[in-house]
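Asks: give me a model of this one.
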Amino acid sequence: MPVLASHRKPRTKVRTTTPAVGFTTAALASVTLLSTQSATAAPVEPKPAIEDVQKKVDELYRQAGSATQQYNRAKAASTAQRAKVDTLLSDVAKRTEKINEARRELGAFAAEQYRTGGIAPTATFFLADDPQAYFDQSRLMSRSTERQQKAVDDFRTQQAAASKKRAEAVQSLESLTETQTTLRSSKQKVQNKLTEARSLLAKLTAEEKARLAELEREKEAEAKEKAEKLARRQAAEAKEREEREEAEKKAREEAAKEAGGDSGSGSGSGTGTGTSPGSGTGTGTGTGTDGSYAAKAEKVLAFARAQIGKPYVWGASGPASYDCSGLTQAAWREAGVTLPRTTWDQVKVGTRVATSDLQPGDLVFFYDDISHVGIYKGDGMMIHAPKPGANVREESIYYMPIYGSVRPA
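Replies: Next comes the predicted model:
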């Protein structure tokens, strides 16, 4: 029994130590693995501040706006090129029909010559009933030969013209293909920028979205304050101008009265006529021009106001939705003025005006790349189609950096 007892004791010791060793080894392995993972893991990038997100999203929308103008230009060019190609192909078809007509006429002449055969002039003379009949036949054959030659000339002319038009059509088709490639590329660029902007906004928490909305309100308030300052300055300048014009008018009237009293009725009438019409004509021309522009601007703004609340859609020009230049183009069309499709071309139309001299109806352009435009309505405010996800609305012209302004008519 003692022998058995001594034999069991070591076995019991082995059983108690084995699990401890296994547990310790596993723990060490886990620690080592975690340490290795910690050492090799890529550093986590800090989350951008909400202000940086706002700037990034605004920049993406601006880039999307620029790409939209590229799309609009390519689309307009594609439409024009397609019309040109259709015209050329129609012309080629008509000329091909004329070639076929000339070819049929030549075939008729060839068949006639084959049936009659060719006879030498001397043999024709001796076979004729009388010399006069020979000469009559000779003149007839001469006229026939002239008609044949004319048919040949017409065929060659039509063939050359058709070849030229066909070459033009091929070249126009190649240009159309290039334009459509640009169109697709611009469309993809717009979609990529908008997708990136939406992705950034989707990652924001509810708290961050609230902070972003607050930043937008602050930006709008600052822009509105600048607009109010411009409105006050313009109102003061208008009042000063009105008072100056009134004073000048009174001065002219007083001068006319004094001249009339000193020179007598005859002389006074002459002096009055010489002075008054000169000034009156100058003022009248200016007023007439301003009045004409004001009437057009009223139509433009009436149309623009009626579009408020409709969604911005890139590449759209109405009537259910608009992008920025689509709205300005449609609005000025109501006043009988045709504007180009893109902001880059609209900025070249009409007369450049300073921001301080803006009048209702003027177009205000934004950013260094001229990728946005709005219609000035007065008091530092505009009507515009802002960006994807927003509707046509009134907003301060200072909401975005101003590039410049034009008076289209």
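Asks: tell me, how many residues neighbour residue 299?
Replies: Residues lying near residue 299 (other Cβ atoms under 10 Å) number 17. Where you see a C-beta, it was placed from the backbone N, CA and C, and this is true even at glycine.
Asks: revised request: answer the last question for residue 189.
Replies: Neighbour count for residue 189, taken as other Cβ under 10 Å: 17.
Asks: which parts of stretch 225-241 are buried?
Replies: Buried residues in stretch 225-241, counted by 16 or more other Cβ atoms under 10 Å: 227, 230, 234.
Asks: just the C-alphas of it, formatted as CSV.
Replies: What follows is stretch 225-241, C-alpha atoms only, in CSV (Å, rounded to 0.1, in the frame of the first residue of the first chain):
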residue,chain,number,x,y,z
GLU,A,225,-25.8,91.9,-43.5
LYS,A,226,-23.5,92.8,-46.4
ALA,A,227,-26.5,92.9,-48.7
GLU,A,228,-28.3,95.4,-46.4
LYS,A,229,-25.2,97.6,-46.4
LEU,A,230,-25.1,97.6,-50.2
ALA,A,231,-28.9,98.4,-50.2
ARG,A,232,-28.4,101.4,-47.9
ARG,A,233,-25.5,102.7,-49.9
GLN,A,234,-27.4,102.3,-53.2
ALA,A,235,-30.4,104.0,-51.7
ALA,A,236,-28.3,106.9,-50.4
GLU,A,237,-26.6,107.3,-53.8
ALA,A,238,-29.9,107.2,-55.6
LYS,A,239,-31.3,109.9,-53.3
GLU,A,240,-28.2,112.0,-53.8
ARG,A,241,-28.5,111.6,-57.5
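Asks: so how far is it from its chain's centroid?
Replies: Averaging C-alpha positions (Cα atoms, centre = their mean, to the nearest Å) puts stretch 225-241 33 Å from its chain's average.
Asks: repeat that for stretch 310-330.
Replies: 11 Å.
Asks: try stretch 207-221
Replies: With Cα atoms, centre = their mean, you get 30 Å for stretch 207-221.
Asks: if you average pLDDT over that stretch, what comes out?
Replies: What stretch 207-221 shows for mean pLDDT is 92.
Asks: and the contacts of it?
Replies: Residues outside stretch 207-221 that contact it (Cβ atoms under 8 Å, 6 or more residues apart in numbering): 50, 51, 53, 54, 201, 204, 395, 396, 399.
Asks: rewinding a little: just the ones of the buried residues of stretch 225-241 in helices?
Replies: 227, 230, 234 (DSSP state H).
Asks: on the pLDDT front, check the closest residue to the first one other than its chain neighbours for me.
Replies: Across the structure, with Cβ to Cβ, 6 or more residues apart in numbering as the measure, the residue nearest residue 227 apart from its sequence neighbours is residue 380 (2.8 Å). Residue-level confidence at residue 380 comes out at 96, pLDDT.
Asks: all good on my end, thank you.
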